[in-house]
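Trainee: Sequence first, then the predicted structure, then my questions.
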Amino acid sequence: MSSITEVKRRRVAGNNGVYEELYKEELKEKKLYDFHELPEWQQDNDKILTGYIRETKSVMKCVRSLFIWNNESVNIYTHLVSAISYFLLMVGITDLLVVPHFPTSTFTDYSIINFYLLGAFGCLMCSSCFHTFKQHSGPHSDAWSKVDYMGIIVLITCSLISLLYYGFFDHKGYFHFFTVLTMVLATACTVCVLSDKFNQKDFRPLRAGFFIAFGLSGVFPVATGAVKFGIQGVIQRIQLKYLGLEAVFYIAGALIYGFRIPETMYPGMFDFWGHSHQIFHVLVVVASFLHLKAVMGSYNFKHSRLNGVGLSALHTAY
């Protein structure tokens, strides 16, 4: 009797082994996977139920996934297309077609505008690469996420410095002080970003808050400008209306990303279109464009509204 039982057990075990092998083969053949089919390191947002590219362990497979519509496609292409657009602006279109030339225009003016475009390009390209290659493996995902965060720091830094230049073009002492302060904050952010603990899932709201705080450090030079030049002066110098809208889009995007709205309320409904990370990406692109509008407006104000009289003296004033 015991021998019959043992035979049955072996048969069941053998069948289980066959089923397991068949399941593994089925997984290999699939292009998109459900959340529960992912390895643990890939299971980040349990409110997005399907549409995943499973761990590839291959750079080429990651690249080929660009041609498979999945739940990262919107994230990838919103920032990839925008990054390419900013790159084209940076390498010549801006200087030739977008930036008006004034007798008082300087090489520094063009450099500052391109400095911002470089930051926007770097941030968006880093983001696009992260979402393309993060499914390679756990270590690759961690490394690319740090690259992604570094891109955000670069964009914030370039955004702040570009407007500090135009806000205090005639008071270089203030420009230098706030630029150094921005670089110190950027360095502090970099140290945190490169920490493995900062990259853990539980720190998602903290990461969002950290970048919001860095971005809002721009309030201090704005307040200084309001005291120095008056509210109207600040509005004209740094195009405050665009900056206000930019802040709204960035903060809204960070909050939506941090609290995973709307997929938390409707799991599975926004897997391919409209989940929090995608909304965040779109809002970042809009905000970056608003900042470019602000920089261009500040450039135009500096050279057209101030008549150019005495500007050479103002450039060296403190």
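Mentor: Done, it's in. Numbering: from 1, shown residues only.

Trainee: what bits of the stretch 151-300 of the chain have low per-residue confidence?
Mentor: 204 (pLDDT under 70).

Trainee: Show me where it has its helices.
Mentor: Assigned by DSSP state H, counting those that start in this stretch, the stretch 151-300 of the chain shows helices spanning 172-193, 204-216, 219-238, 240-259, 276-300.

Trainee: Could you check how far the closest residue to Asp148 other than its chain neighbours is from His291?
Mentor: Among residues not flanking Asp148 along the chain, Phe130 sits closest, at 3.9 Å (Cβ to Cβ, 6 or more residues apart in numbering). From N, CA and C alone the C-beta is placed, and that goes for glycine too. Relative to His291, Phe130 is positioned 21 Å away (criterion: Cβ to Cβ, to the nearest Å).

Trainee: So between the two, which is more surrounded?
Mentor: Counting neighbours by other Cβ atoms under 10 Å for Phe130 and for His291 shows that His291 has the greater number, 27 against 23.

Trainee: Can you give me the distance of the more buried one to His101?
Mentor: Counting by Cβ to Cβ, the separation of His291 from His101 is 22 Å.

Trainee: And for Leu32?
Mentor: Separation of Leu32 from His101 (Cβ to Cβ): 51 Å.

Trainee: so who does Gly297 touch?
Mentor: With contact set as Cβ atoms under 8 Å, 6 or more residues apart in numbering, Gly297 has these partners: 239, 242.

Trainee: Use 29 as the first number for this chain going forward.
Mentor: That works, and once the first residue is 29, the last one we named lands at Gly325.

Trainee: tell me the contacts of the residue nearest to Leu271 when sequence neighbours are not counted?
Mentor: Spatially, and ignoring its direct neighbours in sequence, Leu271 is nearest to Ala322 (5.4 Å; Cβ to Cβ, 6+ apart). Residues counted as contacts of Ala322 (Cβ under 8 Å, 6+ apart) are 191, 266-267, 270-271, 274.

Trainee: Could you chop this protein up by domain?
Mentor: Using automatic domain parsing, the domain ranges for the chain come out as 30-58, 68-343.

Trainee: Deepest in the core, which of those is it.
Mentor: Comparing these by mean neighbour count (mean count of other Cβ atoms under 10 Å), domain 68-343 ranks first with a mean of 18.
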